[in-house]
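*Asks:* what follows is a protein structure lacking sequence information:
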Ligand SMILES: [Zn+2]
């Protein structure tokens, strides 16, 4: 049986833009590790789903497909779970807005 990763407490970090969509990302939620991101840690944009890695300056660099393929399977599984959650949240938002337009 696959063990579910435990998410730690989110912390506020120095706001840096997503390298793809430009959204300011100023929180980090650790998976069973320290919450303070360090060089090489993987970042997932909750807005657009971009997968990036932190550099030494705390900025995010989008990973290539080959770099994503080279990630450990456990990490790719966690990223897939995050993408499902992101799409679910986005679809709920679209549905709420459609309902609001229908009511008003
Ligand atoms: Zn993004």
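*Replies:* Good, I have the coordinates. Predicted, not measured: the structure shown is a model, and the values here were computed from it.
*Asks:* may I have the beta-bridge partners of the residue nearest to residue 37 when sequence neighbours are not counted?
*Replies:* Take residue 37 and drop its neighbours on the chain: the residue closest to it by Cβ to Cβ, 6 or more residues apart in numbering is residue 54, 4.8 Å away. For glycine as for every other residue, the C-beta is placed from the backbone atoms N, C-alpha and C. Judged by DSSP bridges, the bridge partners of residue 54 are residue 60.
*Asks:* which secondary structure elements does the top strand by length along the chain contact?
*Replies:* Here the longest strand in the chain is taken by residue count, with DSSP state E as the criterion, and it is strand 11-17. Contact partners of strand 11-17 among helices and strands, from 3 or more Cβ pairs under 8 Å, 6 or more residues apart in numbering; DSSP states H and E: strand 24-28.
*Asks:* return the set of buried residues in the strand it packs on.
*Replies:* By neighbour count, with 16 or more other Cβ atoms under 10 Å as the criterion, the buried positions of strand 24-28 are 25, 28.
*Asks:* please name the nearest non-neighbouring residue to the most centrally placed residue in the chain.
*Replies:* When the chain is reduced to its mean C-alpha position, the closest residue under Cα atoms, centre = their mean turns out to be residue 44, at 2.3 Å. Using Cβ to Cβ, 6+ apart and skipping the chain neighbours, the partner closest in space to residue 44 is residue 82 (4.8 Å).
*Asks:* counting neighbours, what do you get for residue 99?
*Replies:* Per other Cβ atoms under 10 Å, the neighbour tally for residue 99 reads 10.
*Asks:* which of the helices or strands spans it?
*Replies:* Counting by DSSP states H and E, the element that carries residue 99 is helix 73-103.
*Asks:* hmm, that helix touching the ion?
*Replies:* No - applying Cβ under 5 Å from the ion, one finds helix 73-103 out of contact with the ion, separated by at least 9.8 Å.
*Asks:* what sits against the residue nearest to residue 44?
*Replies:* Neighbour list for residue 82: 44, 46, 49 [criterion: Cβ atoms under 8 Å, 6 or more residues apart in numbering].
*Asks:* so, low pLDDT: which residues of this protein?
*Replies:* 1-7, 32-35 (pLDDT under 70).
*Asks:* great, nothing more from me.
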